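Q: Fold the following.
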Amino acid sequence: MSKIGPIIYDFNVVNRKKLRLWDHGWLDSVYCHVSGLSVGFMATDIFDALLGHRLYKRGYYGLPPDEDFMVDEHGPFRIDRLKSSNFVEIRFEELTKRIQTRYADPKYFYEPPDTVQIEAVDAFLNQLPKEGTRYFRLAVSHEDPDYHHGTWFIHLIFDEYILLNPQQEAMWIITIGYD
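A: Sure thing, here's the model as predicted:
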């Protein structure tokens, strides 16, 4: 449990979904029940609580990430450098556009994910609840050395999105990575 002021948030994992992308890439989704999440929530309070919670201390090592590693790293980033202000609100259309644009990024890949992989990701995105959901992305540059830990470079790609639905007391942490 994480406590910020008078609000207590507890993040209980309900389901995990891992999809393979490219040859060494993945989409990882952790679906959580968030007790204490209400319609009038303050995003900064949620993110402050999440940054201090064991759920967020995942190194994301391996393909796909199989376990939670209790580390002070989150993908290429040092958790102690991340702040709630690093999460910016976006719309669902921006979320899907960013993910679909990532498919065709020639900087890292000789070819995009195959059709089956793309269809699996699209099906996953289409089943997410839209009504009442707020969408955020971790807006830290992968290239910013102020956030790096010693082995940050193994993560060629690390994009993260957090979806919050207070009516369902639900949260999804969705990451796309390539290592």
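Q: What are the neighbouring residues in contact with residue 55?
A: Shown in contact with residue 55 (C-beta atoms under 8 Å, 6 or more residues apart in numbering): 11, 13, 30, 32, 68, 173. In short, each C-beta sits where N, CA and C put it, glycine included.
Q: and it, that's in a helix?
A: Yes - secondary structure of residue 55 (DSSP: H, G, I helix; E, B strand; the rest coil): part of a helix.
Q: circling back to that earlier point, list buried residues within the contacts of residue 55.
A: Taking 16 or more other C-beta atoms under 10 Å as the criterion, what is buried in the contacts of residue 55 is 11, 30, 32, 68, 173.
Q: before we move on, the earlier item: adding pLDDT, secondary structure and distance to residue 141, write the contacts of residue 55 out as JSON lines.
A: JSON lines is the format used below for the contacts of residue 55 (pLDDT from 0 to 100; DSSP: H, G, I helix; E, B strand; the rest coil; distance: C-beta to C-beta, whole Å):
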{"residue": "11", "pLDDT": "89", "secondary structure": "strand", "distance to residue 141": "26"}
{"residue": "13", "pLDDT": "90", "secondary structure": "strand", "distance to residue 141": "28"}
{"residue": "30", "pLDDT": "92", "secondary structure": "strand", "distance to residue 141": "23"}
{"residue": "32", "pLDDT": "94", "secondary structure": "strand", "distance to residue 141": "26"}
{"residue": "68", "pLDDT": "47", "secondary structure": "coil", "distance to residue 141": "25"}
{"residue": "173", "pLDDT": "94", "secondary structure": "strand", "distance to residue 141": "19"}
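Q: quick one: low-confidence ranges for the protein?
A: 1-7, 59-71, 104, 106, 108-111, 145, 147-155 (pLDDT under 70).
Q: now the helices for it?
A: 43-51, 92-103, 115-127 (DSSP state H).
Q: Give me whichever of the ones you listed is most buried.
A: helix 43-51 (a mean of 20; mean count of other C-beta atoms under 10 Å).
Q: that older thread, how about the helices of the chain, which one is nearest residue 24?
A: helix 115-127 (12.5 Å; C-beta to C-beta).
Q: Need the contact partners of the closest one.
A: So helix 115-127 is in contact with 17, 19-22, 27, 29, 95-96, 99, 103, 112-113, going by C-beta under 8 Å, 6+ apart.
Q: Now flag whichever of the contacts of residue 55 is closest to residue 165.
A: For those, the nearest to residue 165 is residue 32 (10.8 Å; C-beta to C-beta).
Q: so how far is residue 8 from the closest one?
A: Taking C-beta to C-beta, to the nearest Å as the measure, residue 32 falls 15 Å from residue 8.
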